[in-house]
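Asks: Could you look at this predicted model? Sequence included:
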Amino acid sequence: MRNSFQKLLLAAVVLLFAGPVFAQLVVPEIPYDAVDPLRMPDGDYLGEAVGVATSSQGHIFVYTRTGSVNVTTATNRVFVRNAARLFEFDQSGQFVRELGQGLYGFIFAHTVRVDPEDNIWVVDEGSNMVIKFNPQGRVVMTLGRKPESIRIPNPEPEAPPAGVGASQTAEQAPVGVGVAGDNFNRPTDVAWDAEGNIFVSDGYGNSRVAKFDKNGKFIKSWGSQGTEPGQFRTLHSIATDAQGNVYVGDRGNRRIQVFDNDGNFKTQFLNAGAPWAVCITPGPHQYLYTSNSNGTSNFDNGEIYKMELDGTILGRFGKAGKLLKEFGSTHEIDCRNENELYVGEITNWRVQKVTLHPERAQTQLMR
Amino acid sequence: MRRCLESCSVIVALLFAGPLFAQRPVPPRPKAFATAPDIPFEASLSFLKFPADLYLGEGIGVATNSKGHVFTYTRSGESSRLFEFDPNGNFIREIGRGLYGFAMAHAVRVDSEDNIWAVDEGTDMVIKFSPEGRVLMTLGRRPESHGLDATPRPGTPPPPAQPYRFGRPTDIAWDAEGNIFISDGYTNHRVVKYDKNGMYVDEVGSSTRGSEPSQFSTPHGISTDANGNVYVADRGNSRIQVFSNDLVLRAIYDYVGSPWSLCITPGPHQYLYSSNSNPDNNQANIAEVTGEIYKMELDGTVVGKFGVAGKREGEFTTVHAIDCRNENELFVAEITGWRVQKLTLHPQTLTSSR
């Protein structure tokens, strides 16, 4: 009807042009199963499941956009709305407990990660904070500071007040470098190296990686807004390998950038779409998973790639959708076990446990 | 200081926006009003029994499942809240308390498999719960909030509608294959069709209000019949538009007032209920000529009407939803009276008196 012919025509044209690009890749599909393992208590709910991570005991932590009631804002109307909540589940998906109920820094969840000592770190892009909990669930470190109040934009553009916000550094610095220190602007993710140094991807407002020592002391930051190597457009995810190299999901530039431990650019991977979520496996042979997630307004792409740390793609699995084994805007991947991933999805309000069967793929190829 | 003043004025303006609504012109009585026979009925305000510490806010949504359980979706002091009652009206439980998708309730409907679907115009989301109350599917997405956007100036053209985002959606219906139809809504003016897995199929209307055939002005309610035809309450245009399953316009019924809510009965002989509700701005001279619910054949023939605007039991305080799983045993949810009534119709009396 109406314009469905036009749509069909458009789709055909798109396919004609898309075909050869995909044909070059010849990426093997990795067979996989998926379940929805988490069991919330009756009467409680996950919201957008933006963060998921496991501890060394296999407990599953989910940082979600939902929760206890706060008065906040949405678009141009004021609503009573919820905040962010952090839940812990055991290996079988049974609910264990909630951490950080009503926490001052829980506003708009972005990611959760668990460090080698089983501390739980959440990154909240609403409060501009990174919060470290010890395994018992107590706050032991904070990075960044929550703004005291929410700014309501003026209908008319406002002249900057004289003498304020015009420091030399801000004047000379390129857009997105931020201010030295932990003054985040919608940070997105956190990673650590073997010495415990902390790397924060920051983020939506800034375009930099900030490095801190294990005690939270600022060391340096690198990057600004742009498309050159070492520049970023929405760096959305971050991971380190055993050598301390830093892999940054530079989502807006559709590439993964690799830096050494001091922030020197080493290489970039342009072959795996827009990296919404990256994860590097532990162990002697490390792998990199990256999700080319669908945006929250479409169901394009959605596949997750498995790569060597040098960027060689080994395989892929999944696509965007609402069913089991499909992904609704994958936002974080946990890969503590190489073939048993946890995938947190924005729009499906769900965490899936994905079991990969790469051995089946090999047998299929040999046939 | 200047900013503080502006912030304050924004919030104050929002708080006091209600009383500033302009006086609206009084519409004529619907064409069908004079000739439609009155259907006798009884009403009960006390059917739903709330625990002492639980209150209904604005009665926005009401729906029953196959076991006769009653679900109400309400705008309460806390947020949107969804309550379940047993067939005798006893409170059973709350579903989705504190849910991320709940901000400003608009509709609740129960599908043929007893899944419960809530439409929330505050979060721009449609949420499917299993009969046990677990979230099975979400449609649309709550806008992220990083501050307060200025209200667009009057006359600003609306952004184009997106396949997977809603603009204050209003209602939901399904066909026999499980395809999903959403009326969307206050800032979009369209009907969107998805398949049973939530994948976009097609739409009619646009983000722009219009009064031509297949255009809408606040599509406020939606229902399907057994053949998969789609009936849309085109409230701002005071008409019901009927579409085929692939959204081709079939008919327009423009003689039953401004349809706030539609409901189509199940069974071999299906009927259509449509409420010409009195407006929720409490304008007395309009309430005098609105408030009745029409019963129609699916072809648009008016069978009868019942009800008037008013605050007493058996009168209506802006009907916002009708449940008609039983043809002669309806539930109506009312905005301004914060209540749900159970209605028992006696059309046989009507027949004998004719």
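Replies: Arrived safely.

Asks: distance of the closest residue to B:Tyr194 other than its chain neighbours from chain A?
Replies: Distance criterion Cβ to Cβ, 6 or more residues apart in numbering or on different chains; nearest residue to B:Tyr194, sequence neighbours excluded, is B:Ile180 at 4.3 Å. C-betas here are computed from N, CA, C, even on glycine. Separation of B:Ile180 from chain A (Cβ to the nearest Cβ, to the nearest Å): 11 Å.

Asks: Then B:Ile127?
Replies: 9 Å.

Asks: who's in contact with that residue?
Replies: B:Ile127 is in contact with B:Gly96, B:Leu99, B:Gly101, B:Trp117, B:Ala118, B:Asp120, B:Val135, B:Met137, B:Thr138, B:Leu139, counting by Cβ atoms under 8 Å, 6 or more residues apart in numbering or on different chains.

Asks: Show me which residues of the stretch 51-200 of chain B sit near chain A.
Replies: Within the stretch 51-200 of chain B, the positions lying close to chain A (Cβ under 8 Å from any Cβ of the partner chain) are B:78-79, B:93-101, B:103-104, B:122-123, B:133, B:135, B:137-138, B:141-152, B:162-165, B:197-200.

Asks: Drop anything exposed from those.
Replies: In these, burial by neighbour count holds for B:79, B:95-101, B:103-104, B:122-123, B:133, B:135, B:137-138, B:141-142, B:145-146, B:148, B:162, B:164-165, B:198, counting by 16 or more other Cβ atoms under 10 Å in any protein chain shown.

Asks: Out of these, list just those in helices.
Replies: Assigned to helices by DSSP state H, none of those qualify.

Asks: And the contacts of the helix or strand hosting A:Ala34?
Replies: According to DSSP states H and E, A:Ala34 maps onto strand A:32-35. Strand A:32-35 has contacts (Cβ under 8 Å, 6+ apart) with A:Phe317, A:Gly318, A:Leu324, A:Lys325, A:Val343, A:Gln352, A:Lys353, A:Val354, A:Thr355, A:Leu356, A:His357.

Asks: Which of those sits closest to chain B?
Replies: Closest approach to chain B among these (Cβ to the nearest Cβ): A:Leu324, at 10.8 Å.

Asks: So what's the residue count around that closest one?
Replies: 12 (other Cβ atoms under 10 Å in any protein chain shown).

Asks: Does it touch A:Gly318 like I think?
Replies: No - checked against Cβ atoms under 8 Å, the pair A:Leu324 and A:Gly318 is beyond contact range at 11.0 Å.

Asks: pretty sure A:Phe61 is touching A:Val112, no?
Replies: Yes - applying Cβ under 8 Å, one finds A:Phe61 in contact with A:Val112, separated by 5.1 Å.

Asks: Those two - which one has more neighbours?
Replies: The neighbour comparison of A:Phe61 against A:Val112 (other Cβ under 10 Å) goes to A:Val112, with 30 against 24.

Asks: where along the chain do the helices fall?
Replies: I went with chain A, as the question did not name one. Using DSSP H, helices in chain A cover A:4-25, A:168-172, A:358-366.

Asks: switch to chain B, that's the one I care about
Replies: Counting by DSSP H, chain B has helices at residues B:2-15, B:284-287, B:347-353.

Asks: Please name the nearest non-neighbouring residue to A:Ile314.
Replies: Careful, residue A:314 is Leu; it's not Ile. Take A:Leu314 and drop its neighbours on the chain: the residue closest to it by Cβ to Cβ, 6+ apart is A:Lys306, 4.7 Å away.

Asks: for chain B, what are the low-confidence residue spans?
Replies: Filtered on pLDDT under 70, chain B yields the residue ranges B:1-22, B:145-150, B:350-354.

Asks: Quick check: phi and psi at whichever residue of the stretch 251-367 of chain A sits closest to chain B.
Replies: Distance from chain B to each residue of the stretch 251-367 of chain A (Cβ to the nearest Cβ) is smallest for A:Lys322, at 4.4 Å. The phi/psi pair for A:Lys322 (degrees, to the nearest 10) reads phi -110, psi -10.

Asks: Pull out the buried residues from the strand holding A:Ala34.
Replies: A:Tyr32, A:Ala34.

Asks: thinking A:Ile238 is in contact with A:Asp189, fair?
Replies: Yes - the pair A:Ile238 / A:Asp189 is scored as a contact, 4.6 Å apart, by Cβ under 8 Å.

Asks: Compare the two and say which is more crowded by neighbours.
Replies: More crowded of A:Ile238 and A:Asp189, by other Cβ under 10 Å: A:Asp189, with 29 against 25.

Asks: quick one: contacts for the more buried one?
Replies: A:His110, A:Thr111, A:Arg113, A:Val123, A:Val200, A:Ser201, A:His236, A:Ser237, A:Ile238, A:Gly249.

Asks: Then A:Arg350?
Replies: Each residue near A:Arg350 by Cβ under 8 Å, 6+ apart is listed here: A:Asp36, A:Leu38, A:Leu46, A:Ala49, A:Gly328.

Asks: picking up where we left off before, the residue nearest to A:Leu314 is in contact with A:Arg316, isn't it?
Replies: Yes - counting by Cβ under 8 Å, A:Arg316 is a contact partner of A:Lys306 at 7.1 Å.

Asks: what do those two both touch?
Replies: A:Ile30.

Asks: So between these two, which is more surrounded?
Replies: Applying other Cβ under 10 Å to A:Lys306 and A:Arg316 shows that A:Lys306 carries more neighbours, namely 25 against 20.

Asks: so how far is A:Phe327 from that one?
Replies: 15 Å (Cβ to Cβ, to the nearest Å).

Asks: What of B:Ile240?
Replies: Taking Cβ to Cβ, one finds B:Ile240 at 39 Å from A:Phe327.

Asks: Those two: which has the busier surroundings?
Replies: Neighbour count, other Cβ under 10 Å: between B:Ile240 and A:Phe327, A:Phe327 has more, with 33 against 26.
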